[in-house]
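Sequence first, then the predicted structure:
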Amino acid sequence: MALKGWTQPATTFELPGGGSVAVRGLSVDIVAALVREDRTTLESLFSQVTQRQDIREAAEALQAGEEAEMPLEALDTGDVVAAALEHAPGLCAKVIAWSAGEPDEIDTARQLPFPTQFDILVEIGRLTFEVTPVGKFLEAVIALTRSANTGAAMAKHLS
């Protein structure tokens, strides 16, 4: 099949009180925008979900530009989503609204009941990581964060 005929898979959720929302996996554009707008929140969330020593060491090596394998096989998507909802609820609402193609509905997404948000975020994760392993995805996010930090430092130096 050609790229022209491809459509991004989506999952539809019935919403409490009526209506529904279809969500898709996170594209590179969404991830890059999240890194630009919420880098500090993402870094904090990453620290929360990577409390294991081996994961911390791999993340530090990647941030330093070194080669490292991200040992994320033991991280459960549900655990990551639960940590995200606890430590970054605004980011979660943004992810839901953006993956639904409704970027102006972040406040509406924030008002969804916790179980609904949880189920939607787990599905967004499944759709995002259907082809790309979580470790590779996080390596890309770390690389984007590192390049954003480098760009900010260069801009500061040039001003």
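Everything's here; your move.

Tell me the pLDDT of A64.
Per-residue pLDDT puts A64 at 78.

Okay, it and Q48: tell me how far apart.
21 Å (Cβ to Cβ, to the nearest Å). Just so you know, the C-beta spots here come from the backbone N, C-alpha and C atoms, and that holds for glycine as well.

ditto for D104
28 Å.

Of these two, which one has the most company?
Shown here are D104 and Q48; by other Cβ atoms under 10 Å, Q48 has more neighbours (14 against 7).

neighbours around the nearest residue to V80 once chain neighbours are set aside, how many?
Nearest non-adjacent residue to V80, counting by Cβ to Cβ, 6 or more residues apart in numbering: V49, 5.1 Å away. Look at V49: counted by other Cβ under 10 Å, it has 19 neighbours.

what do you get for E123?
Neighbours of E123 (other Cβ under 10 Å): 20.

That one reaches F13, doesn't it?
Yes - E123 lies in contact with F13 (Cβ atoms under 8 Å); the separation is 7.5 Å.

all helices in this protein, in order from the N-terminus.
With DSSP state H as the criterion, the chain has helices at 28-49, 53-63, 77-87, 89-99, 106-111, 114-128, 134-158.

pLDDT below threshold where in this protein?
Filtered on pLDDT under 70, the chain yields the residue ranges 1, 50, 52, 55, 68-76, 131-142, 145-146, 148-159.

again, only this time at 80
For the chain, applying pLDDT under 80 flags the ranges 1, 43, 46-80, 129-159.

In it, which residue is most central in space?
Centroid check for the chain by Cα atoms, centre = their mean gives V31 as the closest residue, at 6.4 Å.

Next up, the contacts around R110.
Listed by Cβ atoms under 8 Å, 6 or more residues apart in numbering, the contact partners of R110 are P89, G90, A93.

let's see 6 Å
When contacts are counted by Cβ atoms under 6 Å, 6 or more residues apart in numbering, R110 touches A93.

Begin at 8 from now on, thanks
Fine by me, first position is 8 from now on; the one you just mentioned is R117.

Neighbours of D45, how many?
Neighbour count of D45, defined by other Cβ under 10 Å: 17.
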